[in-house]
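Visitor: Model the structure of this input:
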Amino acid sequence: MPDTILNRIVEDAASDLAVRKRERPVSTLESMPGFDRAPLSLERTLRGESLSIIAEIKRKSPSKGRLREDFYVDVIARSYVSAGARAISVLTEMNYFEGNLSHLATVRASVSVPILRKDFLVDPYQLAESRAYGADAVLLIATILDRNHLQEMLSAASELELSCLVELYDESELDKVDMDQISVLGVNNRNLHTFEVDIKRAPELLARVPESIVRVAESGLRTGQDLAEMQHHGIDAVLIGEVLISEPDPGLALSSLRSDYERCLNDA
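Guide: The predicted structure follows:
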């Protein structure tokens with residue numbers, strides 16, 4: 001296996017997972033209060049006449065380093081929702097993003113919109129974790145899952161009533177996806193091996209996806225013009241993180257971005 005950032009993250013995540021499975025078995029997760037809560041539908045939330053925004057909470061990026069020092073996830077989540085975010089993405093990976101499962105529970109107690117757990121998920125145990133800590137949806141990255149493994153994770157998530165955002169990067173990964181099995185599909189503009197960004201990637205790949213599926217563009221979108229371009233190409237939602245979280249007031253940054261986007265639509 002080549003020594004890339006992605007491969008190192010996945011290897012470390014597997015080691016951390018083994019520890020968590022020993023310390024907190026599934027029976028313990030099922031006894032947590034969050035497990036009894038009925039998850040919200042990410043698909044229904046993101047469908048609409050205008051572009052939906054999933055605003056992301058993460059403290060650090062492997063490519064940019066720490067993005068902010070004051071990191072009060074409840075405050076950030078509420079500011080995002082006040083600024084019009086329809087869903088919140090929470091990065092829970094610890095070693096490279098300084099995330100934590102506890103952030104899910106904190107955000108869940110702070111907002112009423114769907115919460116997406118963004119992490120490198122490879123085991124059904126992590127899906128039970130996600131529900132127990134308050135997530136409504138999970139990210140499944142096709143780059144790190146073969147076709148059978150992806151289908152296994154989708155089936156396990158369905159049993160737990162969790163929505164799935166299936167993420168692609170490369171055109172070849174379309175062959176991994178049974179379009180009848182998914183309702184929300186994203187394309188990451190960031191190469192997860194090199195972390196380089198090309199914002200043309202999402203529109204090109206998502207143009208090949210049925211309109212019945214909610215289509216999400218992820219990463220590298222920074223301006224209102226970027227968002228207007230995504231809507232022009234028939235994309236339903238965007239996931240935005242670094243450009244917001246690195247600002248002193250992430251909610252204000254989202255409000256400004258949405259105003260810029262609406263201005264670009266009106267000028268078109």
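Visitor: From now on I want contacts and neighbour counts done on CA atoms only, so please keep to that.
Guide: OK.
Visitor: His227: how many residues sit nearby?
Guide: Actually, residue 227 is Leu rather than His. 25 (other C-alpha atoms under 10 Å).
Visitor: Chain neighbours aside, what residue packs nearest to it?
Guide: Excluding the flanking residues, the one nearest Leu227 by C-alpha to C-alpha, 6 or more residues apart in numbering is Tyr261, at 6.1 Å.
Visitor: how far does stretch 178-189 stretch from start to finish?
Guide: Separation of the first and last residues of stretch 178-189 by C-alpha to C-alpha, to the nearest Å is 21 Å.
Visitor: same check, this time on stretch 38-53
Guide: In stretch 38-53, first residue to last residue: 22 Å (C-alpha to C-alpha).
Visitor: buried residues in that stretch?
Guide: Residues Pro39, Leu40, Ser41, Leu42, Glu43, Leu46, Arg47, Leu51, Ser52, Ile53 are the ones in stretch 38-53 that count as buried (16 or more other C-alpha atoms under 10 Å).
Visitor: Look up how far Tyr125 lies from the last one.
Guide: To tie it back to what came earlier, the one meant is Ile53. From Ile53 to Tyr125 the distance is 28 Å (C-alpha to C-alpha).
Visitor: do the same with Thr45
Guide: Distance from Thr45 to Tyr125, by C-alpha to C-alpha: 26 Å.
Visitor: And the pLDDT at Glu30?
Guide: At Glu30, the model reports a pLDDT of 96.
Visitor: Quick one: neighbours of it, just the number.
Guide: Neighbours of Glu30 under the rule other C-alpha under 10 Å: 15.
Visitor: Which residue, other than its chain neighbours, is closest to it?
Guide: Leaving aside its sequence neighbours, Glu30 sits nearest to Ala132 (C-alpha to C-alpha, 6+ apart; 6.6 Å).
Visitor: dump the residue contacts of Tyr261.
Guide: The contact partners of Tyr261, taken as C-alpha atoms under 8 Å, 6 or more residues apart in numbering, are Thr223, Gly224, Gln225, Asp226, Leu227, Ala228.
Visitor: do Thr45 as well
Guide: The contact partners of Thr45, by C-alpha under 8 Å, 6+ apart, come to Arg86, Ala87, Pro114.
Visitor: and the last one, what are its phi and psi?
Guide: The main-chain torsion angles of Pro114 are listed as degrees, to the nearest 10 and equal phi -60, psi 140.
Visitor: how about it, what does it touch?
Guide: For Pro114, the contact set (C-alpha under 8 Å, 6+ apart) comprises Pro39, Leu40, Ser41, Leu42, Thr45, Arg86, Ala87, Ile88, Ala135, Asp136, Ala137.
Visitor: do you know how far the residue lying closest to Asn191 once chain neighbours are set aside is from Val81?
Guide: Computed as C-alpha to C-alpha, 6+ apart, the closest residue to Asn191 that is not its neighbour in sequence is Val197, at 6.3 Å. To Val81, Val197 is 27 Å away according to C-alpha to C-alpha.
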